[in-house]
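give me a model of this one.
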Amino acid sequence: MRGQARRRAILDAALECFLAKGVAGATLEEVLDLSRSSTGSVYHHFGNKVELAATLYLETLESYQRGFLSRLEQLHGAREGIEGMVRHHLRWVRENPRLARYLTHCREPEVVEASEKRAQELNARFFSAVLGWLGQYAREGEIRRLPADLYLALWLGPSDEFTRIWLAGDRAEARLRTASRVLAGAAWDALKAS
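A predicted model of the protein is given here:
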């Protein structure tokens with residue numbers, strides 16, 4: 001395996017091991033065995049297990065955010081965007097349940113510390129773009145004027161909480177379809193101008 005393919009194999013193996021045992025519980029040897037990689041490959045690409053876990057988190061977060069913003073640009077109008085992005089979030093979780101579980105459940109303190117600075121940069125850019133989009137519709141009177149943190153809590157907070165529960169449970173597809181419809185409508189009802 002060559003450079004990027006080896007790196008991807010290590011990240012994929014790490015995801016499996018970290019989901020099964022947590023970052024602290026998984027050993028580097030398990031990641032190496034599953035990825036069929038050498039110790040040197042891990043140290044070359046990541047440095048150590050914590051950096052590997054942080055890289056996996058950051059790359060997943062960045063990919064999610066990039067997809068979110070790309071989809072948001074394709075939607076027209078406040079209602080279409082607000083409802084559409086709830087559906088997008090739930091669809092992403094359905095299509096990427098292991099990555100979603102990692103983002104929400106594998107945040108051990110040493111991984112948080114190793115990823116904190118870059119995560120803050122990614123989140124600052126992401127939330128700036130999202131709030132800019134919302135602000136345009138608030139100025140036009142289509143949605144309520146609210147503090148930034150309330151926009152995000154009302155818009156995506158319920159669907160984010162639902163996905164945590166869904167990921168921890170039986171992951172019934174019908175329940176996800178119902179949630180998509182109900183939560184998209186609830187987000188619009190919470191944010192639309194009266």
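
from what I can see W166 touches R177, true?
No. Contact criterion CB atoms under 8 Å: W166 and R177 do not qualify, at 11.4 Å. No exception for glycine: its C-beta is placed from N, CA and C like everyone else's.

who has more neighbours, the two?
W166 (20 against 13; other CB atoms under 10 Å).

list the contacts for the more buried one?
Shown in contact with W166 (CB atoms under 8 Å, 6 or more residues apart in numbering): V93, R175, L176, A179.

same deal with A114?
With contacts defined as CB under 8 Å, 6+ apart, the neighbours of A114 are V50, E51, A53, A54.

how about S159?
Taking CB under 8 Å, 6+ apart, we find S159 in contact with V86, H89, L90, A179, L183, A187.

for those, which one is nearest E161?
L183 (9.6 Å; CB to CB).

which ones are touching that closest one?
V86, L90, P158, S159, F162.

I figured the second one was touching S180, is that so?
Yes. Under the criterion of CB under 8 Å, L90 is in contact with S180, at a separation of 4.8 Å.

what mean pLDDT does stretch 62-75 have?
The predicted model assigns stretch 62-75 a mean pLDDT of 97.

flag the shaky bits of this structure, pLDDT-wise.
1 (pLDDT under 70).

tell me which stretches of it form helices.
Secondary structure of the chain (DSSP state H): helices located at 3-25, 28-35, 39-45, 49-74, 78-95, 97-105, 109-139, 148-168, 173-191.

so the chain: which segments form each domain?
The chain is divided into the following domains under automatic domain parsing: 1-47, 53-191.

how close does H45 sit to F126?
25 Å (CB to CB, to the nearest Å).

I should have written H88 there, sorry.
14 Å.

and for the two, which residues touch both?
Shared contacts of H88 and F126, defined by CB under 8 Å, 6+ apart, are found at F68.

the two: who's more crowded?
Taking H88 and F126 together and counting by other CB under 10 Å, H88 has the greater number of neighbours (22 against 17).

and which of the contacts of A114 is nearest to L34?
Nearest member of those to L34, counting by CB to CB, is A53, at 14.7 Å.

residues contacting the closest one?
A14, F18, V23, C106, E108, V111, A114.

contacting residues for the third one?
Translated: V23. K49, V50, A53, C106, E108, E110, V111.

want to throw the contacts of L183 into JSON lines with distance to R36?
Conversion of the contacts of L183 to JSON lines gives the following (distance: CB to CB, whole Å):
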{"residue": "V86", "distance to R36": "40"}
{"residue": "L90", "distance to R36": "35"}
{"residue": "P158", "distance to R36": "42"}
{"residue": "S159", "distance to R36": "38"}
{"residue": "F162", "distance to R36": "37"}
